[in-house]
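1. pasting a predicted model and its sequence here:
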Amino acid sequence: MPANFKAELVACFGQPVEENPTGPMMEPAFRALGLNWRYLTVEVAPDKLRDAILGMRAFGLKGANFTIPHKVAVLEYLDEVAPDAAIIGAVNTVRRDGDRLIGENTDGKGFLRGVRVNAGVDPKGMRVVVLGAGGAARAIVTELALAGAADVLVVNRSVTRGERMVADLVSKIHAPIRFEAWQGIYAVTKDVDILVNATSIGMYPNIDAMPPVDLRPARPDMLVCDAVINPPDTRLIRAARERGLPVLDGVAMLVYQGVIGFELWTGRKAPEAVMMDGLRKALGLA
Ligand code: NDP
């Protein structure tokens, strides 16, 4: 066989990026499949985004992740945007098709995969409450609605932000998505199948913060999900577990969004256990 010392490249572009744990998740996965691929974690300032994408094209990168602050700004430099990413209005993963760069959003899809695979729940026909109306909530609500959830209730502190997000998504998806202002303590009702915290409440450094929700009326099979990763064992997750409710933490969403990206880039089935192991080590959980 002729020698081939050329590595294929993928990258993460963001600012700051020092603590982004995607590299330690991807690199062992490439090695596990014997792929001579590298994942570069690259700091790119907002005014250098255009140059970074020109560089991506020049270097023939196989794909990239875009993180804060580029998830929305990157859209204008791409050749195509996948329908769900266009609805969400943000791209976290770019894949290459020949010379074309195509924007995808794997955050909400990663969340869905966790719900289906780890919790064994199909959201089709289910009633879901999503706390929050930021970037994570938008991706999660979009994918839940596209997956056929019967009712998605967005509960958010800022009324303007919540109403605007819901009106925009309903106009694009024509799905049963509703808004309720978050005033005082939100008490879940018996008909709720899945509760999702997509706010940053509970995130480092405020690790003891609990979203103001009353879990007492919940059905014993209501699934409680938290998008917060740092730490994954949030007070909400602990409170739900203490009540005997099934739970899904933010690590599942994070690893699966990476799994989906890996598969889009390489066309190979991702070694999920290897990726989970790499991620848990990077997050200091293993
Ligand atoms: P944003 O800043 O876009 O949105 C934050 C949301 O949290 C808003 O809805 C905001 O409400 C709400 N919020 C914050 N503090 C409070 C509070 N004290 N009381 C009530 N509501 C509050 O953040 P993201 O959507 O990007 O991220 C949210 C969380 O999800 C973060 O912890 C992030 O790390 C995590 N995440 C996890 C991912 C994963 O793969 N597991 C992927 C992406 C994000 P308001 O509009 O009223 O300000």
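-> Cool, got the structure. Numbers count the residues shown, from 1 in each chain.

2. what does this protein put close to the ligand?
-> Counting by C-beta under 6 Å from any ligand atom, the chain comes close to the ligand at 107, 110, 132-137, 156-158, 161, 198-201, 203, 227-229, 250, 253-254, 257. C-beta: built from backbone N, CA, C; applies to glycine.

3. enumerate every residue touching residue 193.
-> 121, 123, 126-128, 219, 221-223 (C-beta atoms under 8 Å, 6 or more residues apart in numbering).

4. hmm, 10 Å instead?
-> Residue 193 makes contacts with 121, 123, 125-129, 149-151, 218-219, 221-223, as judged by C-beta atoms under 10 Å, 6 or more residues apart in numbering.

5. out of those residues, which sit inside strands?
-> 127-129, 151, 223 (DSSP state E).

6. next, give phi and psi for residue 253.
-> Backbone torsions for residue 253, taken as degrees, to the nearest 10, come to phi -60, psi -40.

7. and it, how many residues sit next to it?
-> Residues near residue 253, counting by other C-beta atoms under 10 Å, number 32.

8. could you verify my assumption that it touches residue 227?
-> Yes: using C-beta atoms under 10 Å, residue 253 makes contact with residue 227 at a distance of 6.0 Å.

9. what's the overlap in contacts for these two?
-> 107, 110-111, 136, 139-140, 196, 198.

10. among the residues of the chain next to the ligand, which lie within helices?
-> Using DSSP state H, the subset of the residues of the chain next to the ligand located in helices is 107, 110, 135-137, 161, 250, 253-254, 257.

11. just the buried residues from those, in PyMOL please.
-> To isolate the buried subset of those in PyMOL, counting by 16 or more other C-beta atoms under 10 Å, use the following:
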select buried, resi 107+110+135+136+137+161+250+253+254+257
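
12. nearest to residue 18 among the ones in helices among the residues of the chain next to the ligand?
-> Closest approach between those and residue 18, by C-beta to C-beta: residue 254, at 16.9 Å.

13. for that closest one, what are its contacts?
-> 21-22, 25, 107, 110-111, 114, 227, 229, 232, 275-276, 279, 283.

14. most neighbours of all these, which one?
-> Busiest of the contacts of residue 254 [other C-beta under 10 Å] is residue 227, holding 31 neighbours.

15. surely that residue is in contact with residue 199?
-> Yes: proximity of residue 227 to residue 199 meets the contact threshold set by C-beta under 10 Å, at 8.2 Å.

16. overlap in contacts, those two.
-> Joint contacts of residue 227 and residue 199 (C-beta under 10 Å, 6+ apart) are 130-132, 134, 136-137.

17. put together CSV for those, with pLDDT on each row.
-> Converted to CSV, those look like this (pLDDT from 0 to 100):
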residue, pLDDT
130, 98
131, 98
132, 97
134, 93
136, 94
137, 96
